[in-house]
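1. Generate a structure from the sequence data that follows.
(one chain, ligands or ions: 1)
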Amino acid sequence: MGGQANLYSFPAVDALAPVLRAYIIQCQTAGIHRHGIFKVAVSGGSLPKTLAQALLTPPASEDDVVHWDKWEIFFADERAVPLDHADSNYALLKAELLDKLPAGAAQPVVHPIDTSLLDDTQELADNYEQELVKSFASRDSVKLPIFDLLLLGCGPDGHTCSLFPGHELLRETSAWVAPIEDSPKPPPKRVTLTLPVVTHAVRVAFVATGGGKKEVMKEIFEAGNGLPCALVNEGAGERCSWFVDDAAVEGVTYPRRAFNL
Ligand SMILES: O=C1O[C@H](COP(=O)(O)O)[C@@H](O)[C@H](O)[C@H]1O
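-> Numbers count the residues shown, from 1 in each chain. As a prediction, this is how the structure comes out:
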């Protein structure tokens, strides 16, 4: 993959949010142009709150409209818990964003995990993979699903989705969705998109904010060290963009880019 990941840095989340929105709208326009729909996968953690800040403000113009009725939302990773559990990424996205969409307005199609399968994470992952197969066409006809956009977080240890540093899941080359039963961050049982699916997306955007991320950001951008986020940078190259606040990249020498709104 040619090119390097783009790093966009802002004094604070208030300044980051409108640029993230503009970037997402660009991806939305491209997706709708490409196939009449916008297929996105989102992370949990701190991301949904920032996403809400970016996407819930009224449009500034016709070109700035979020066409929710064209959105198909998947989860980049999910914890093996009920959908109303405090650890559920679905519950988080619902509380932060989905429940706040204007009443009566068109709604996105959302794909949560099948919670009847929580006792068997392999089944849970296989079932979620089938959700992707239904949406992206059969596994026989496409080697990998191509999301229009992945919206990802970065943990302070450099994990993204539920792909953790040094974990054998990083070597998965066949499955689209994989189970993990020993996540170092609770809860231990989860399902996650695999690295090939992540790096195959049309666009990948990370959002990382706060001084608690600065050590790992330095490692990701200056050493790599095989950290999951660094592997995404390497695999997706210039298709990958980071939206961060200055606190998260304090001391990081990697060049920042200017985002042309
Ligand atoms: O466990 C998880 O953590 C990561 C990072 O979360 P953050 O709070 O540090 O942003 C998140 O992206 C992932 O979806 C979640 O399951």
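
2. residues of stretch 97-115 that come out buried?
-> Judged by neighbour count (16 or more other C-beta atoms under 10 Å), stretch 97-115 contains these buried residues: 97, 98, 101, 108, 111, 112, 113, 115. Where you see a C-beta, it was placed from the backbone N, CA and C, and this is true even at glycine.

3. Switch those over to a markdown table; also include pLDDT, distance to the ligand and secondary structure.
-> Shown next, in a markdown table, are the buried residues of stretch 97-115 (pLDDT from 0 to 100; distance: C-beta to the nearest ligand atom, whole Å; DSSP: H, G, I helix; E, B strand; the rest coil):
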| residue | pLDDT | distance to the ligand | secondary structure |
| --- | --- | --- | --- |
| 97 | 98 | 14 | coil |
| 98 | 98 | 16 | helix |
| 101 | 96 | 21 | coil |
| 108 | 98 | 18 | coil |
| 111 | 98 | 15 | coil |
| 112 | 98 | 14 | coil |
| 113 | 98 | 12 | coil |
| 115 | 98 | 16 | helix |
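
4. Tell me which two in the residues you listed are the farthest apart.
-> The largest separation in the buried residues of stretch 97-115, counting by C-beta to C-beta, is between 101 and 115 at 22.6 Å.

5. I'd say residue 245 and residue 16 touch.
-> Yes - Residue 245 is in contact with residue 16 according to C-beta atoms under 8 Å; the separation is 6.0 Å.

6. what's the overlap in contacts for these two?
-> Common neighbours of residue 245 and residue 16, counting by C-beta atoms under 8 Å, 6 or more residues apart in numbering, are 10, 209.

7. For the stretch 1-150 of the chain, which segments count as helices?
-> Secondary structure of the stretch 1-150 of the chain (DSSP state H, counting those that start in this stretch): helices at 13-35, 47-55, 89-96, 121-136.

8. who's in contact with the closest residue to the ligand within the stretch 1-150 of the chain?
-> As assessed by C-beta to the nearest ligand atom, the ligand sits closest to residue 45 within the stretch 1-150 of the chain, at 2.2 Å. Listed by C-beta under 8 Å, 6+ apart, the contact set of residue 45 reads 89, 153, 155.

9. from what I can see the last one touches residue 185, true?
-> Yes - distance between residue 155 and residue 185: 6.7 Å, which falls inside the contact criterion (C-beta under 8 Å).

10. and the stretch 1-150 of the chain, which residues reach the ligand?
-> Within reach of the ligand by C-beta under 6 Å from any ligand atom, the stretch 1-150 of the chain has these residues: 43, 44, 45, 46, 47, 77, 89.

11. switch the cut-off to 5 Å
-> Selection of the stretch 1-150 of the chain residues close to the ligand by C-beta under 5 Å from any ligand atom yields 43, 44, 45, 46, 77.
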